[in-house]
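Undergrad: I would like the atomic coordinates for the input below:
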Amino acid sequence: MADEWFYSSKGQRYGPVSSEQLKQSAQSGQLLPTDLVWSQGAAGWLPAATVPDLFPSAASGDIHQSGSVSPPISPSPHVNYESLTPATSARQMVTLPGIFLMVSAAVGMLGSSVCAVVAYLQSVGIMAGGKDPASSAIAAVYFVVTVLASALVLIGGFKMLRLRSYQFVMASTVVAMIPCIGPCFAVLGVPFGIWAMVVLLKPEVKQAFLQNENPKASPL
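TA: Below you'll find the model as predicted:
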């Protein structure tokens, strides 16, 4: 048996669990022969009854007194097995926070870009309204920094949707929450950044990122 398994029972997904834990779940009745299991190298989700030595008592009962062997259980054609994969589940969890991070970053970039241009024009005397050229120049630099911060958050949100570069995405959520630096001065960045970070800290999401970066790292 494989070292790590995922299984679906009564509408809930579990894993990763060790092969011994999977056997214990089968023996306790939590995992039924008709429930679905999946591990690294498997072609897809399959009934637990097809896993060798998982249900020893059930396996011995498959041989009838006549000597015939009952046919193996086939996956139901009505089940969307792809939707059960842990990577797909993680992708569903990161979709909304990733999109909102990108939206807040885009709004922040637009607003900060306009403010940076205005501050620059005031610093060189083309546009009136600035207190003095030095202050306007400092303001222009500040807004350029906020544009760069929003750009980082935008890239982080995009990578989050693709389940790529976990550390970079985590850093972008932190930047989104920095007061006066994050998108829209962190007014939007704080709630969306917290939301994204909570999702990113979920074990199944972290594992999905790891699998995308190293397909042999875990059975996703």
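Undergrad: which parts of the protein are strands?
TA: For the chain, the strands defined by DSSP state E occupy 4-9, 12-18, 36-38, 46-47.
Undergrad: any idea which of the ones you listed is most buried?
TA: strand 36-38 (a mean of 24; mean count of other Cβ atoms under 10 Å). Any C-beta I mention is one placed from the backbone N, CA and C, and that applies to glycine too.
Undergrad: that strand - contacts with which helices or strands?
TA: When contacts are defined as 3 or more Cβ pairs under 8 Å, 6 or more residues apart in numbering; DSSP states H and E, strand 36-38 packs onto strand 4-9, strand 46-47.
Undergrad: and the shortest one, how far out from the chain's middle?
TA: The gap between the average C-alpha position of strand 46-47 and the chain average comes to 25 Å, counting by Cα atoms, centre = their mean, to the nearest Å.
Undergrad: list the contacts of stretch 182-195.
TA: Applying Cβ atoms under 8 Å, 6 or more residues apart in numbering, the contact partners of stretch 182-195 are 97, 100-101, 104-105, 107-109, 111, 146, 149-150, 153, 173-180.
Undergrad: how does it look with 10 Å?
TA: Contacts to stretch 182-195, defined as Cβ atoms under 10 Å, 6 or more residues apart in numbering, come from residues 96-112, 146, 149-154, 156-157, 172-181, 196.
Undergrad: straight-line length of that stretch, end to end?
TA: Using Cα to Cα, to the nearest Å, one end of stretch 182-195 lies 15 Å from the other.
Undergrad: okay, now Leu110: neighbour count?
TA: For Leu110, the neighbour count with other Cβ atoms under 10 Å is 14.
Undergrad: can I assume it is in contact with Thr146?
TA: No: here Leu110 lies out of contact with Thr146, judged by Cβ atoms under 10 Å, at a distance of 11.2 Å.
Undergrad: how about JSON lines for the strands of the chain, with distance to Glu213 and mean pLDDT added?
TA: Formatted as JSON lines, the strands of the chain follow (distance: least, Cβ to Cβ, whole Å; pLDDT from 0 to 100):
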{"stretch": "strand 4-9", "distance to Glu213": "17", "mean pLDDT": "82"}
{"stretch": "strand 12-18", "distance to Glu213": "17", "mean pLDDT": "80"}
{"stretch": "strand 36-38", "distance to Glu213": "20", "mean pLDDT": "84"}
{"stretch": "strand 46-47", "distance to Glu213": "27", "mean pLDDT": "84"}
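Undergrad: perfect, I'm done here.
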